[in-house]
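**Student:** Below is the sequence, then the predicted model.
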Amino acid sequence: MNAPSLPSVARPVAAAPAVAATPVATGFGGTLSEGVAKLDINGKSYELPLLVGTENERAVDISKLRAMTGVVTLDEGYVNTGSTTSAITFLDGEKGILRYRGYPIEVLAEKCDFVEVSYLLIYGKLPTSDELNSFGKMLSHHTMIHEDMRSFYGGFPRDAHPMATLGSVVGALSTFYQDSLDVRDPRQVEVSVHRLLAKLPTIAAYSHKKSIGQPLIYPRNDLSYCENFLQMMFAVPCEEYHIDPDFADALDMLLIVHADHEQNCSTSTVRMVGSSDANLFASISAGICALWGPLHGGANQASVEMLEKIVADGGNVKKYVDLAKKKDSGFRLMGFGHRVYKNYDPRARLIKATCDKLLAKIARHDPIFDIAQQLEEVALADEYFIERKLYPNVDFYSGVIYRAMGIPVQMFPVLFAMGRLPGWIAHWIEMHHSPSQKICRPRQIYTGERLRDFEPISKRV
Ligand code: SDX
């Protein structure tokens, strides 16, 4: 299949470059062979290729395992299983390292804005100023949604969760923009990319306005990405809205640190759905649904709700730390722990620092920020958390900033989705670029009934 690449755009502005192709596969999608792993099954010995990535991560290539041995591997939750090679994001969970296309997250958060980081993730390189201007202008062409889509919001209940709205409306983009559904046409892929990046803030803000019974506010193309989102969220037609630059900057940082995180649950979902050649809108809608879960992107909402509960309950953090240690309590510290980070999540560190600065700047004291810091202190000194290497993750402090901006708690996962969108897009495109791309279809081990005779209903007891 001719993998789609984002071509230069045929528009009056400077052409945007074609997306950087992922590394040409050296035997295994950009990895090097590093000898073999030996496997002994029932006395028969097999050799499987050992591969190493650019950051010395090593893998046993089992792509021919079943054909060679007749057995498959089993790994619930893919704790030990790499689903692909990727050149987009590198993270080292032991050292708390996160890099997008080789650039440390700390540097990008300080020196870039979200549109620039989106370009980096999708095109594989930091843009020149012409490329960035062209990309930004492209996005501003697409910020409005079809007027008929606005009427959708009249049909949703006022208390609809905005993640339900977001997933529905993004999926419905494929009904309005049928001219950009062909995953094999690079130009159609590119216009879908621009439409999604430009329209997601509009779709998100509209669901908030619907929930508070206020008129939907049109996007403004003279504003930056984050300024525009804030004005669509909080402006009203009857008075001037003043954008707080501190809020716009804090939001920009939050979107950057959420922009990608290698093969997390929602990104793997986008790749899985995209692997069937489903269009980009459908694949992103599926990613939004996966992100909604409280164990994943929904944790920022669950974390603030947990902190609010602790404040309301007198602020006894030790009580909740102890509860989280009880297996049968069904309670976990939301915003704590991570499948990959067994060290402090570098994003949590950046977000906590921004929390500190922003709350001081706006002279706002938020009791849940105090409680969050106390909770962190108690948990990180507790053997249970130390032994399991449980640290605050990206979702632990982000909600404090969203609250300071006046963003309602149900919108927190929506902002996570806005941040993660360029990462989802970059992985979807990379997946289509892969020379070894195939539909995702895992195996299983059947543990059900053996062959049974059918009993007519008259004989069933
Ligand atoms: C995100 O993958 C990504 O990259 C995700 C993400 C991204 O950017 O895309 O980083 C975003 O989803 C961050 C995580 C947000 N979720 C939460 O904050 C929910 C609370 N955290 C947990 O549910 C949990 O830590 C997970 C889901 C994040 C990770 O779960 P794992 O890797 O499957 O680990 P586990 O459930 O097997 O836990 C290992 C042990 C268990 O104890 P034992 O059985 O060994 O005795 O640690 C315990 C767990 O009970 N544990 C916790 C805990 N998290 C794990 N105990 C108390 N509180 C917690 N938060």
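**Tutor:** Done, it's in. Numbering: from 1, shown residues only.

**Student:** Please count neighbours and contacts with C-alpha atoms only from this point.
**Tutor:** Noted.

**Student:** for the protein, what are the low-confidence residue spans?
**Tutor:** 1-30 (pLDDT under 70).

**Student:** What ranges does it have for its strands?
**Tutor:** Assigned by DSSP state E, the strands in the chain fall at 32-41, 44-52, 58-60, 89-92, 97-100, 103-104.

**Student:** which neighbours does the shortest one have in its sheet, and in what orientation?
**Tutor:** Spelled out, that is strand 103-104. According to DSSP bridges, strand 103-104 forms sheet pairs with strand 97-100 (antiparallel).

**Student:** Is the ligand within reach of the partner strand?
**Tutor:** No: contact between strand 97-100 and the ligand is absent, the nearest approach being 10.4 Å (criterion: Cα under 6 Å from any ligand atom).

**Student:** Not counting its own residues, what contacts that strand?
**Tutor:** The contact list for strand 97-100, computed with Cα atoms under 8 Å, 6 or more residues apart in numbering, reads 88-92, 104-105, 120-121, 260, 346.

**Student:** Kindly report the same for stretch 155-172.
**Tutor:** Contact partners of stretch 155-172, identified using Cα under 8 Å, 6+ apart, comprise 149, 152, 196, 200, 203-204, 207-208, 210-213, 281-282, 284-286, 288-289, 292, 410-411, 413-414.

**Student:** please redo it, this time with the cut-off set to 7 Å
**Tutor:** 203-204, 207-208, 210-211, 281-282, 285, 288-289, 292, 410-411, 414 (Cα atoms under 7 Å, 6 or more residues apart in numbering).

**Student:** on that earlier part again, between the contacts of strand 97-100, which sits nearest Tyr320?
**Tutor:** The closest of the contacts of strand 97-100 to Tyr320 turns out to be Pro346 (Cα to Cα; 24.5 Å).

**Student:** what's the first-to-last distance across stretch 400-412?
**Tutor:** 10 Å (Cα to Cα, to the nearest Å).

**Student:** List the contacts of Ser275.
**Tutor:** Counting by Cα under 7 Å, 6+ apart, Ser275 touches 438-440.

**Student:** can you redo those residues as a markdown table with neighbour count and distance to Ala360?
**Tutor:** What follows is the contacts of Ser275, written out as a markdown table (neighbours: other Cα atoms under 10 Å; distance: Cα to Cα, whole Å):
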| residue | neighbour count | distance to Ala360 |
| --- | --- | --- |
| Lys438 | 13 | 51 |
| Ile439 | 12 | 50 |
| Cys440 | 13 | 48 |
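
**Student:** ok, those residues vs the ligand, which is closest?
**Tutor:** In terms of Cα to the nearest ligand atom, no member of the contacts of Ser275 lies closer to the ligand than Cys440, at 18.9 Å.

**Student:** picking that back up, can I have the buried ones of the contacts of strand 97-100 as a PyMOL selection?
**Tutor:** Buried residues among the contacts of strand 97-100 (16 or more other Cα atoms under 10 Å), as a PyMOL selection:
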select buried, resi 88+89+90+91+104+105+120+121+260+346
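
**Student:** Among the contacts of strand 97-100, which one sits closest to the ligand?
**Tutor:** Among the contacts of strand 97-100, and counting by Cα to the nearest ligand atom, the member closest to the ligand is Asp260, at 6.6 Å.

**Student:** wait, what's in contact with the closest one?
**Tutor:** The contact partners of Asp260, taken as Cα under 7 Å, 6+ apart, are 89, 420, 423.

**Student:** For the last one, grab the count of nearby residues.
**Tutor:** Looking back up the chat, that one is Gly423. Gly423: 25 surrounding residues under other Cα atoms under 10 Å.

**Student:** wait, isn't it in contact with Leu120?
**Tutor:** No: judged on Cα atoms under 7 Å, Gly423 makes no contact with Leu120 at a distance of 9.8 Å.

**Student:** Now do the shared contacts for these two.
**Tutor:** Shared contacts of Gly423 and Leu120, defined by Cα under 7 Å, 6+ apart, are absent.

**Student:** Quick check: Val311 vs Ile371, distance?
**Tutor:** 7 Å.

**Student:** count of neighbours near Asp61?
**Tutor:** Neighbour tally, Asp61, other Cα under 10 Å: 16.

**Student:** show me the contacts for it.
**Tutor:** By Cα under 7 Å, 6+ apart, Asp61 lies in contact with 48-51.

**Student:** tell me which parts of the stretch 301-450 of the chain are close to the ligand?
**Tutor:** For the stretch 301-450 of the chain, the residues in contact with the ligand (Cα under 6 Å from any ligand atom) are 324-325, 332-339, 388, 393-395.

**Student:** The same query, at a cut-off of 8 Å, please.
**Tutor:** Contact residues, the stretch 301-450 of the chain versus the ligand (Cα under 8 Å from any ligand atom): 303, 321, 324-325, 327, 331-340, 385, 388-390, 392-396.

**Student:** Counting neighbours, which of the residues you listed end up buried?
**Tutor:** Using 16+ other Cα under 10 Å, the buried ones in these are 303, 321, 324-325, 332-338, 385, 389-390, 392-396.

**Student:** neighbours around Ile284, how many?
**Tutor:** Neighbours of Ile284 (other Cα under 10 Å): 27.

**Student:** which ones are touching the closest residue to it other than its chain neighbours?
**Tutor:** Of all residues not flanking Ile284 in the chain, Val270 sits nearest, at 5.9 Å (Cα to Cα, 6 or more residues apart in numbering). Counting by Cα under 7 Å, 6+ apart, Val270 touches 283-284, 286-287, 424, 428.

**Student:** Val270 and the ligand, how far apart?
**Tutor:** 12 Å (Cα to the nearest ligand atom, to the nearest Å).

**Student:** Ok, Leu295 next?
**Tutor:** With Cα to the nearest ligand atom as the criterion, Leu295 and the ligand are 4 Å apart.

**Student:** which non-adjacent residue is nearest that residue?
**Tutor:** Met334 (8.0 Å).

**Student:** about what we covered before: now flag whichever of the contacts of strand 97-100 is closest to Ala381.
**Tutor:** Ranked by distance to Ala381 (Cα to Cα), the contacts of strand 97-100 are led by Pro346 at 19.1 Å.

**Student:** Quick one: neighbours of the nearest residue to the closest one once chain neighbours are set aside, just the number.
**Tutor:** Distances taken as Cα to Cα, 6+ apart place Gly96 nearest to Pro346, at 5.8 Å, with adjacent residues excluded. Per other Cα under 10 Å, the neighbour tally for Gly96 reads 15.

**Student:** what does Asp328 give?
**Tutor:** Other residues close to Asp328 by other Cα under 10 Å number 8.

**Student:** need the helices for the stretch 1-150 of the chain, in chain order.
**Tutor:** Taking DSSP state H, counting those that start in this stretch as the test, the helices found in the stretch 1-150 of the chain are 65-69, 105-111, 114-123, 129-141, 147-150.
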